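>>> sequence and predicted structure, then a few things I'm wondering about:
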Amino acid sequence: MATKIKAKTKAKGKNAVSSEAQLGKIFISASFNNTLVTVTNARGETLAWGSSGASGFKGTRKSTPYAATTAVEKVLGKAKNEHGVDEVEVYVKGPGPGRDAALRAIRATGVKISLIADVTPVPHNGPRPKKKRRV
């Protein structure tokens, strides 16, 4: 009688890890004080995230381009190794100094960039400004 050999399967459900290469989305929020990086899959489920502060920078050093580069390298390395992300769409938001440095860091990691979009919110005139200060 032939015996069946079961192949090892990965966890099913929320923590399932796919072994094939996949498309990811990178969301970069660059403020004047910090740079936040989130890598998601195509459906928007977070695969990895980090920030300049989480990379070990404190105070004014968090807002430097070098800190943004370090944060992107750390997060993208985790997404590549654990989840097989090899092609990404990049969405950049905010006016901070980490914008350009983060894009350069993504290019340096060797993943294919299929889209770069600026999703910075722009007010269409917005609310009425405060009255002028009188001293």
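The structure has been received and is ready for your questions.

>>> contacts, neighbours, all on C-alpha from now
Noted.

>>> can you map out the strands along the chain?
Per DSSP state E, the chain carries strands over the ranges 22-30, 35-41, 46-51, 85-93, 112-118.

>>> let's have these in JSON lines, adding mean neighbour count, mean pLDDT and distance to Pro65.
Below are the strands of the chain laid out as JSON lines (neighbours: other C-alpha atoms under 10 Å; pLDDT from 0 to 100; distance: least, C-alpha to C-alpha, whole Å):
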{"stretch": "strand 22-30", "mean neighbour count": "23", "mean pLDDT": "94", "distance to Pro65": "10"}
{"stretch": "strand 35-41", "mean neighbour count": "23", "mean pLDDT": "96", "distance to Pro65": "9"}
{"stretch": "strand 46-51", "mean neighbour count": "21", "mean pLDDT": "95", "distance to Pro65": "12"}
{"stretch": "strand 85-93", "mean neighbour count": "20", "mean pLDDT": "95", "distance to Pro65": "14"}
{"stretch": "strand 112-118", "mean neighbour count": "13", "mean pLDDT": "95", "distance to Pro65": "18"}
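
>>> nearest to Ala102, of these?
The closest of these to Ala102 is strand 22-30. By C-alpha to C-alpha, the value is 7.8 Å.

>>> sheet-wise, list the partners of the closest one with their directions.
If you go by DSSP bridges, strand 22-30 pairs up with strand 35-41 (antiparallel), strand 85-93 (parallel).

>>> list the contacts of the shortest one.
Looking back up the chat, that one is strand 35-41. With contact meaning C-alpha atoms under 8 Å, 6 or more residues apart in numbering, strand 35-41 is reached by 22-30, 46-52, 62-63, 67-68, 71-72, 75-76, 79, 96, 98.

>>> could you rerun that using 7 Å?
Strand 35-41 is contacted by residues 23-30, 46-52, 63, 68, 72, 98 when judged by C-alpha atoms under 7 Å, 6 or more residues apart in numbering.
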